[in-house]
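Novice: have a look at this prediction, sequence included:
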Amino acid sequence: MARRDPLDLFLDGCARVHATRAGTAETSYYPALRDALDAVGATLKPKVFALHHASGRKQAGIPDFGLFVEPNGRNDRPDWGAGVPADRGVVEVKAPGHSIAALVASEQVRGKYLPAYGLVLATNLRQFRLVGEGGRVLESLDLAEDEAGFWALVHGSRPNTLRRRFADVLQRCLLTRAPLAKPSDVALFLASYARDALAMLEERASLPALKALRDNLEKGLGVAFDQRDGEHLFRSTLVQTLFYGLFSAWVAHVESREPRPFDWRLADWSLHVPVMQFLFQQVASPQALQPLGLAPLLDAAASALGRVVHDPFFEAFEDASAIQHFYEPFLAYFDPALRKQLGVWYTPPEVVAYMVERVDRVLRAELGVADGLADERVWVLDPCCGTGSYLVAVLRRIRETLAARGMGDLLAEALRRAATTRVVGFEIMPAPFVIAHWQVGEALRRVQAKLGKDERAAIYLTNALTGWDPAERTGSLESAFEVLAKERAEALTVKQKRPILVVIGNPPYNAFAGTSPESERGLVEPYKEGLIDRWGVRKFNLDDLYVRFFRIAERRIAEETGRGVVCFISNFSWLAGPSYVVMRKRLLDAFDAIWIDNLNGDSRETGKLTPEGAPDPSVFSTPFNREGIRTGTAIATLVKRGV
């Protein structure tokens, strides 16, 4: 049976009591609140539930609810008379007419329950405050400003944004006492606060304080935001910058081993990436944050990071698959529609390793490059690098080759040189951009090749689909945005001047609304030539992003470098669909050899179910997403031998 939305459970329960005109002002609404808490608690691991009138501690009295972790085979018989501490705090409820400020400051909350239980969720049904140590408010949510507004909401329509915020805030309240050690737990906390921030920004018609940033970001990234979806993309970009900038600053603080508590307002920066430091400062400045009202959410997210158990969290990233539990859950929870549009899917390490090894062998066997990827003349580009999995795998393969050659002490310097010059990644979204830099930096650190203070990985914040033509006009940036201009200039140098020999990656699969196609200067027009007149294909669709990336790779390798390797895993629709007949012919004509590994997996063909009716896993399945993607995929390796 499908779970009901927690806000609907709560408000429907309140509506039922209120309509009878027979309930008490406070206690009759306890079941509605309990149902909402239990609905959210049921989604957690371990589950959490609300126990009405828990026995509590004798000296503190009996709270309205205790929040407990679901028992798991406990055989002990507790002394109920002495009381059992509530695992996740207690709840104190008052009627909607009661002042929430008075409740938070009351002797009952601050004088009795807080010293006894350490955490109190105080609510008058329309307002919620999670009160922690020292009486500090850790979480805050207002469903309505006053009692009349609350009853209007109870009996009226409920905005979806409010549904999300209600569930998010209750979830964070139930998890505040939970240890944060797994990357997925930390990602979900960051995503929850980020989603609140995005909802607040989406409620605003315009952001005049950030107009200059938007205009210059368009020019810097090489992207034109359209009026509707582009505004959402811009705001999502701001929020990702804020929360992953916060995360990066926290990482730097932890690594510095400073005894003082983490303060994001005073934090240092760790990633050697001036553009992200600049963007974070632009968005996180008091002038920007004050009108946006986002500072309390950043404070709360910083507080959550302060609860992370350092050793298991950072040790988890020794395993490459930890990234899948960190960024993919973040974007799936923070902005699922954007994630689907961008086609952000974690690429299994086995697939990444296979593709990198294949490219390395093709370089040796087909192009006569004896050292494969380790040859310093081999420039590698992942034009949609995401969290950097391919870049890390390429550096790992380079290290294996150099180690086999007995490079000794020179190996670390060769790896740093490769990571900072010729192993290049492009990424348009700030959150994966931050993680990619962190992944590469961590990979180098683990093999004693740590980047120097003034060094950065060759990963650039840019739109990979624009800027390849030197004649293309990019527009000048304001002097205050010099850092963005420098980032753009370095990305353009790679696009227009570097002898790229390898293009590899997992390009986004789906069509995406949010950027103007005019900025791509008719990128896929060559794949449409003759579709109607010669091939008789009158209805066609070439809007999927992966098609544009194929065209970029074809143009870069076959037409400009004149030799090299392309290796993409992508939607397999181009292999047989009539819309792609010209694309197929062009690739056959442009390259000397093409290998296809068809991984199948199309839900329209398989139904994505096992014979028993369970979800049918694919190569893209993860514990977070058991079904994997529902699109058929293929790995294409294309070689241009040149002369």
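Specialist: Nice, thanks for sending it over. Numbers count the residues shown, from 1 in each chain.
Novice: what ranges does the stretch 301-450 of the chain have for its strands?
Specialist: Taking DSSP state E, counting those that start in this stretch, the strands of the stretch 301-450 of the chain run over residues 379-382, 423-427.
Novice: and for the residue lying closest to Val447 once chain neighbours are set aside, the neighbour number?
Specialist: Excluding its sequence neighbours, the residue lying closest to Val447 (Cβ to Cβ, 6 or more residues apart in numbering) is Arg399, at 6.2 Å. C-betas here are computed from N, CA, C, even on glycine. By the criterion of other Cβ atoms under 10 Å, Arg399 has 21 neighbours.
Novice: show me what contacts Arg399?
Specialist: Taking Cβ atoms under 8 Å, 6 or more residues apart in numbering as the criterion, Arg399 is in contact with 411, 415, 447.
Novice: residue contacts, the last one?
Specialist: It refers to Val447. Here Val447 is in contact with 399, 411-412, 415 (Cβ under 8 Å, 6+ apart).
Novice: quick check: Ile569 touching Glu350?
Specialist: No - at 11.4 Å, Ile569 and Glu350 do not qualify as touching, with contact defined as Cβ atoms under 8 Å.
Novice: ok so, going back, could you identify which of the contacts of Val447 has the most neighbours?
Specialist: Leu415 (23 neighbours).
Novice: contact partners of stretch 94-114?
Specialist: Contacts for stretch 94-114 (Cβ under 8 Å, 6+ apart): 25-26, 60-61, 63, 90, 92, 120, 122-127, 129, 131, 133, 135, 137, 147, 150-151.
Novice: what of stretch 306-313?
Specialist: Contacts of stretch 306-313 (Cβ under 8 Å, 6+ apart): 176, 179-183, 186, 254, 261-262.
Novice: how long is that stretch from one end to the other?
Specialist: Stretch 306-313 has an end-to-end distance of 12 Å (Cα to Cα, to the nearest Å).
Novice: and that stretch, what's buried?
Specialist: Counting neighbours by 16 or more other Cβ atoms under 10 Å, one finds that the buried residues in stretch 306-313 are 307-308, 313.
Novice: low-confidence ranges in the stretch 101-250 of the chain?
Specialist: Counting by pLDDT under 70, the stretch 101-250 of the chain has low-confidence residues at 205, 226-229.
Novice: quick revisit: which one of the contacts of stretch 306-313 is nearest Arg422?
Specialist: If you rank the contacts of stretch 306-313 by distance to Arg422 using Cβ to Cβ, Pro183 comes first, at 29.6 Å.
Novice: stretch 356-373: how far from the chain's middle?
Specialist: 33 Å (Cα atoms, centre = their mean, to the nearest Å).
Novice: what does it rub up against?
Specialist: Residues outside stretch 356-373 that contact it (Cβ under 8 Å, 6+ apart) are 375, 377-378, 380, 390, 393-394, 396-398, 401, 405, 501-502, 504, 563-565, 567, 593, 635, 637, 639, 641-642.
Novice: worst-scoring helix or strand of the chain, pLDDT-wise?
Specialist: In the chain, the helix or strand scored least confidently by mean pLDDT, DSSP states H and E is helix 603-606, which has a mean of 62.
Novice: quick one on the thing from earlier: which of Ile569 and Glu350 has more residues huddled nearby?
Specialist: For Ile569 versus Glu350, neighbours defined as other Cβ under 10 Å are more numerous around Ile569 (26 against 9).
Novice: mind listing what the helix or strand hosting that one pairs with, with the direction of each?
Specialist: For Ile569, the element it lies in under DSSP states H and E is strand 564-571. Strand pairing for strand 564-571, using DSSP bridges, gives strand 500-505 (parallel), strand 633-640 (antiparallel).
Novice: so for stretch 12-19, what's the average pLDDT?
Specialist: Stretch 12-19 comes out with an average pLDDT of 96.
Novice: give me the number of residues near the closest residue to Asn216 other than its chain neighbours?
Specialist: Nearest non-adjacent residue to Asn216, counting by Cβ to Cβ, 6+ apart: Phe481, 4.2 Å away. The tally of other residues near Phe481 (other Cβ under 10 Å) stands at 22.
Novice: same question, the one 3 residues further on
Specialist: A total of 23 residues lie near Leu484 under the criterion other Cβ under 10 Å.
Novice: also Lys211?
Specialist: Other residues near Lys211 come to 10 when the count uses other Cβ under 10 Å.
Novice: and it, which of the three is it?
Specialist: Assigned with DSSP: H, G, I helix; E, B strand; the rest coil, Lys211 falls in the helix class.
Novice: related to what we said a few turns ago, part of a strand, is the residue nearest to Asn216?
Specialist: No - assessed with three-state DSSP, Phe481 is helix; it does not lie in a strand.
Novice: distance of it from Thr466?
Specialist: When distance is defined by Cβ to Cβ, to the nearest Å, Phe481 is 18 Å away from Thr466.
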